[in-house]
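>>> Quick one, what's the 3D model for this:
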Amino acid sequence: MVYSKREKNASRAPASVIGRVPPRGGLSLSPSEGERDGERGPSITVSNHLFLTPDLAWRQPIREETFARFHDWAEQYVKAASDADRAALERAGVELAAQRRSELSALIRTDPERALELAVPLSIREALPRTVTGLLETRISDRGDLAVLAALPEPGKESEVVPTWRTASIGGTEYKAFVYGRRLGEPTRNNIPLNGIAVDKLLAVNENPVRVLEPEEASAAKARLPKTLCPISGLSSTVNNQEVVVDAGGQTLCLCCPSHVEKLNKRLVAAESGPPGSSGSVSAADQVAASTWTEGVKNLILIRVDFSD
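Residues are numbered from 1 along each chain as shown. Take a look at the predicted model:
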């Protein structure tokens, strides 16, 4: 099997990237935000990871060899001219997907942010055979609880005990959660918008409560909504011809411009950081429940146990 050559030591894709998305359900910038030299159209500049969707990240250089090889195989499979050609490629794809899954599992533990960047976009997933998609990551987006737990090891046994770890309970399933960015300093929070990717019971949690949908997702999600009003401006989401469709805790929202996506994300972050019912929430449903585990005055009893055997 021949794959296109990839640079093993390519640097991580920069956060700033130019991409194109379809107008419907896609993302565009206003003349003041994105147009240069009179250029118009749905070009976007991704200035932060909030707008770096999997379909845009997929186009970036990949330094990890296993992920790069799977990427090239997937592109070859999608572009195959016939069913016979795709059938001939399937076995190699299953092997590459299995290798990718193993490395992704390890990456979720060590670098959850990078793991999220390497997620396979929906447009590619839908074109792959089930034997391959069954080995890919699972997308998670819902409201849930993110708990921070700690353990105090005996003196001299610090290397045997993980001092701090996290769990996420979402939709009746409990995951071992791995976070980055602002969530590293976040205490236990209940009933907050969570999204990320999971391999088995390992979950890479996005630091942003808002997830911008890919074009295919956006079109399908918007078609199911009876009306599309921007929760920030209260106006129709198409009023500025800059509509952005997002997911926040399993709820689809349509916003009228990219700056309102950032404002919504900041409000939800503020709601997580503040007391229950803080003004940062979009609605009563977005209020964050206090955690009795990590907030308030506590009485503690510490008993060390050292078994003779």
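>>> ok, and for the helix ranked longest in the chain, which residues are buried?
Of all the segments assigned as helix in the chain under DSSP state H, the longest by residue count is helix 83-110. Judged by neighbour count using 16 or more other CB atoms under 10 Å, the buried positions of helix 83-110 are 86, 89, 92-93, 95-97, 99-101, 103-104, 107-108. Every C-beta, even on glycine, is put in place using the N, C-alpha and C of the backbone.
>>> Ok, stretch 212-228 next?
Applying a neighbour-count criterion of 16+ other CB under 10 Å, one finds Val212, Leu213, Glu214, Pro215, Glu216, Glu217, Ala218, Ala221, Lys222, Thr228 buried in stretch 212-228.
>>> what's the answer for stretch 116-129, then?
Leu116, Glu117, Leu118, Ala119, Val120, Pro121, Leu122, Ile124, Arg125, Leu128.
>>> Outside of that stretch itself, list whatever touches it.
12-13, 49, 52-55, 57-58, 62, 64, 67, 74, 77-78, 86, 90, 93, 104, 107, 133, 136-137, 139, 196-197, 204, 206, 214-217 (CB atoms under 8 Å, 6 or more residues apart in numbering).
>>> From one end of that stretch to the other, what's the distance?
22 Å (CA to CA, to the nearest Å).
>>> Now Leu149. Its backbone dihedrals?
Comment: the main-chain dihedrals of Leu149 come out as phi -120, psi 150, following degrees, to the nearest 10.
>>> Find the nearest non-adjacent residue to Ile197, please.
The spatially closest residue to Ile197, leaving aside those adjacent along the chain, is Glu137, at 4.1 Å (CB to CB, 6 or more residues apart in numbering).
>>> So what does Val239 look like in phi/psi?
Recorded main-chain torsions at Val239 are phi -60, psi -30, according to degrees, to the nearest 10.
>>> how close does it sit to Arg114?
Val239 sits 37 Å away from Arg114 when distances are taken as CB to CB, to the nearest Å.
>>> do the same with Leu203
Distance of Leu203 to Arg114, computed by CB to CB: 15 Å.
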